[in-house]
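**Student:** the sequence isn't on hand, but the structure is:
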Ligand SMILES: NC(=O)c1ccc[n+]([C@@H]2O[C@H](COP(=O)([O-])OP(=O)(O)OC[C@H]3O[C@@H](n4cnc5c(N)ncnc54)[C@H](OP(=O)(O)O)[C@@H]3O)[C@@H](O)[C@H]2O)c1
């Protein structure tokens, strides 16, 4: 039975760059029966967001506004107890995210966010997984481009292969788009906390352990040319492969021995080398205060790519899978990965938790485990393609 709460969905961070896009998506696609509200730290800014939404969708005139600040635990408790599902676009999550996760885990409220910060995700698992399991809350991080296409695309690929056999999947990402200020600040913050990240990841590994009767592992490769794709590929050490392997650990359908590798695709070897050098420079630059501040000044929180730039954005993730003598090639593709499609993925995840019939789960869990095929169907209806395109 649905929890008796005032709202189906509350969107926290509705005044930010991605928050406004998510609000727009819910206003246009949430449906008439959706009971939802905008939340943020400034009522004045929320009123402006509501006025802009009302220009596009007149029914938004009556949208309730809730004031809440990530530094005010009481306001977050009120928010969590008013909603069935809370969406958070308030980042960097390592800085602002924990109090809301705690409030949702305590209140038994489902929660989705856009983090791609591994330290934050591991810390939330260590601190709130057990509490969320007790309260019944589904805390689902990484419901944006990190990691929906990869996690659900791999799940989609696994389901094209026979059951009960060892399975190997490699995911290859191609994308075009620009970063927002919030994303730049989150990435630099995450890079600057490398020692904490390693410590928290190790603590999680110790506590979580591995499935007793199944192997889950990684596939590693350096820079290489892949004739099947006609492109160069390089390792992509984002949070995505961790999320994929956690989904595999949670679900037997991934088979008795599952391996996943995650890579970026580029046309030219020189681009691959430039990317490695750029990522190295960002990592090193994030460690020292003067260079970190120069990096952060490149874009301010709240800034992001224009509608014209976003309209040109695109992504395609190709999955090459094999198992039980069968080889498959699958693809997930869509528009602007960072913001247009991210806000769609986030909003659809919240709608999926609020309204779809899903397997019973709770705790700090992955998108594929929490929502699996129900979310794939929603995203397909919303224009994100999941396709099996033959063998490889
Ligand atoms: N993984 C992905 O695929 C993906 C894609 C896009 C974004 N993201 C992540 O999503 C997050 C948001 O990105 P963005 O570009 O939308 O950032 P943004 O424009 O800077 O928005 C941040 C939001 O957080 C709010 N906020 C800041 N401090 C707060 C506090 N103390 N209490 C309550 N609210 C507070 C801001 O409110 P004010 O308006 O009042 O300042 C704003 O609404 C970032 O962490 C980014 O990395 C991830």
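**Tutor:** That came through fine. Predicted model, so just to flag it, every value in this text is computed and none were measured. Numbers count the residues shown, from 1 in each chain.

**Student:** what does the stretch 201-350 of the chain put close to the ligand?
**Tutor:** Within the stretch 201-350 of the chain, the positions near the ligand by CB under 6 Å from any ligand atom are 301-302, 304, 338-339, 342. From N, CA and C alone the C-beta is placed, and that goes for glycine too.

**Student:** restricted to helices, list the residues you listed.
**Tutor:** Members of these lying in helices (criterion: DSSP state H): residue 342.

**Student:** export the residues of the stretch 201-350 of the chain next to the ligand to CSV and tack on pLDDT, neighbour count and distance to residue 148?
**Tutor:** Listed next are those as CSV, based on pLDDT from 0 to 100; neighbours: other CB atoms under 10 Å; distance: CB to CB, whole Å:
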residue, pLDDT, neighbour count, distance to residue 148
301, 77, 17, 23
302, 73, 14, 24
304, 77, 23, 19
338, 78, 24, 13
339, 81, 29, 14
342, 94, 26, 8
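
**Student:** out of the residues of the stretch 201-350 of the chain next to the ligand, which comes closest to residue 151?
**Tutor:** Nearest to residue 151 among these is residue 342, at 13.8 Å by CB to CB.

**Student:** quick one: the closest one from residue 382, how far?
**Tutor:** 12 Å (CB to CB, to the nearest Å).

**Student:** likewise for residue 125?
**Tutor:** Using CB to CB, we find residue 125 at a distance of 29 Å from residue 382.

**Student:** quick one: residue 80 and residue 99 touch, right?
**Tutor:** No. With contact defined as CB atoms under 8 Å, residue 80 does not reach residue 99; the gap is 9.9 Å.

**Student:** which one's more surrounded, those two?
**Tutor:** Between residue 80 and residue 99, residue 80 has the larger neighbour count (other CB atoms under 10 Å), namely 27 against 19.

**Student:** now that one, what are its backbone angles?
**Tutor:** When read as degrees, to the nearest 10, the backbone of residue 80 gives phi -70, psi -30.

**Student:** residue 148 now?
**Tutor:** Main-chain torsions, residue 148, degrees, to the nearest 10: phi -60, psi -50.

**Student:** swap in the one 4 residues further on?
**Tutor:** Note on residue 152: its backbone torsions stand at phi -80, psi -30 [degrees, to the nearest 10].

**Student:** and for it, the neighbour number?
**Tutor:** Burial of residue 152 is recorded as 26 neighbouring residues (other CB under 10 Å).

**Student:** which residues are in contact with it?
**Tutor:** 332, 367-368, 372, 375-376, 379, 386 (CB atoms under 8 Å, 6 or more residues apart in numbering).

**Student:** hmm, residue 66 and residue 38 touching each other?
**Tutor:** Yes. Residue 38 lies in contact with residue 66 (CB under 8 Å); the separation is 7.2 Å.

**Student:** if we can go back for a sec, between the residues of the stretch 201-350 of the chain next to the ligand, which is nearest residue 264?
**Tutor:** Of these, the one sitting nearest to residue 264 (CB to CB) turns out to be residue 338, at 14.8 Å.

**Student:** ok, that closest one - contacts?
**Tutor:** 145, 177-180, 183, 304-305, 310, 313.

**Student:** could you dump those residues to a markdown table with secondary structure?
**Tutor:** Output for the contacts of residue 338, formatted as a markdown table (DSSP: H, G, I helix; E, B strand; the rest coil):
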| residue | secondary structure |
| --- | --- |
| 145 | coil |
| 177 | coil |
| 178 | coil |
| 179 | coil |
| 180 | coil |
| 183 | helix |
| 304 | coil |
| 305 | coil |
| 310 | helix |
| 313 | coil |
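
**Student:** so where's the stretch 151-300 of the chain shaky on pLDDT?
**Tutor:** Along the stretch 151-300 of the chain, segments meeting pLDDT under 70 span 177, 179, 182.

**Student:** can you rerun that using 80?
**Tutor:** Along the stretch 151-300 of the chain, segments meeting pLDDT under 80 span 176-187, 190.

**Student:** and if you look at the stretch 1-150 of the chain?
**Tutor:** Applying pLDDT under 80 to the stretch 1-150 of the chain picks out residues 1-3.

**Student:** quick one, strands of it?
**Tutor:** Using DSSP state E, counting those that start in this stretch, the strands of the stretch 1-150 of the chain run over 7-12, 36-40, 65-67, 83-88, 110-113, 138-140.

**Student:** next: the stretch 151-300 of the chain.
**Tutor:** 167-176, 215-218, 224-226, 231-235, 257-266.
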